[in-house]
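S.K.: Below are the sequence and a predicted model for it; my questions follow.
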Amino acid sequence: MSVTNYSAPIPFECDTSFDPSIGILKYLGTISYLVPGCALHFMILKSILVTQRESFKNSSFFTVFALDSVASIISILLDVLFGRLFLYVSPLCPIVGPYFWRPSFFPKFYYYTGMHVRYAKACIQIVLVVNRMTCVLLPTHYSGISGYHCPD
């Protein structure tokens, strides 16, 4: 069995039956909570990695939490700048639609990055739960366990 890439154009027609003002309002509504969430994750990273570095550098929990914030920032930026923008703002379809008729790098990058970020967030949540569990169940050995698995 041979593997081939399909590279012929796949033209599609934009559906203009939707009211663009409702779509734009939906987009602005989602932006109203995604952008502050992204800003808060940047503030968390700033405090963990810059302003309070001495306080947090020896804690494996905050190391993993910083990774979670990075994954969240990437996920939110992909969603705001690409996913929801083209989903809700229908007047963009006739403008950017022809760029997606042929397979291109950017949609592949968006898809693969989004999938990897979701997988990373799932793994990070597992590590955070195990980290907190060892902190509660083995409080006297916690610093030794976390120091062994998360070196400086």
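M.R.: All right, it came through fine.
S.K.: Now do the phi/psi pair for F18.
M.R.: phi -80, psi 150 (degrees, to the nearest 10).
S.K.: show me what contacts it?
M.R.: Neighbouring residues of F18 by Cβ atoms under 8 Å, 6 or more residues apart in numbering: S90. Using the backbone N, CA and C atoms, a C-beta is placed for each residue, glycine as well.
S.K.: mind redoing it with 10 Å?
M.R.: By Cβ atoms under 10 Å, 6 or more residues apart in numbering, the residues touching F18 are Y88, S90, P91, C93.
S.K.: And the helices in the protein, which stretches?
M.R.: Listed in chain order, the helices of the chain (DSSP state H) span 20-46, 53-56, 60-78, 84-88, 93-96, 105-137, 142-149.
S.K.: Among these, which comes closest to I10?
M.R.: helix 105-137 (11.7 Å; Cβ to Cβ).
S.K.: could you give the mean pLDDT of the closest one?
M.R.: Taken as a whole, helix 105-137 has a mean pLDDT of 89.
S.K.: just stretch 78-86 next, same as before
M.R.: 90.
S.K.: I'd like the distance from it to the chain centre, please.
M.R.: 11 Å (Cα atoms, centre = their mean, to the nearest Å).
S.K.: Quote the end-to-end distance of that stretch.
M.R.: End-to-end distance of stretch 78-86: 11 Å, with Cα to Cα, to the nearest Å as the criterion.
S.K.: Please apply the same query to stretch 76-88.
M.R.: 16 Å.
S.K.: Kindly reformat the helices of the chain as JSON lines containing distance to P11 and mean neighbour count.
M.R.: Below are the helices of the chain laid out as JSON lines (distance: least, Cβ to Cβ, whole Å; neighbours: other Cβ atoms under 10 Å):
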{"stretch": "helix 20-46", "distance to P11": "22", "mean neighbour count": "14"}
{"stretch": "helix 53-56", "distance to P11": "52", "mean neighbour count": "11"}
{"stretch": "helix 60-78", "distance to P11": "26", "mean neighbour count": "19"}
{"stretch": "helix 84-88", "distance to P11": "17", "mean neighbour count": "16"}
{"stretch": "helix 93-96", "distance to P11": "12", "mean neighbour count": "12"}
{"stretch": "helix 105-137", "distance to P11": "15", "mean neighbour count": "13"}
{"stretch": "helix 142-149", "distance to P11": "52", "mean neighbour count": "14"}
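S.K.: Since that was my last question, I'll sign off now.
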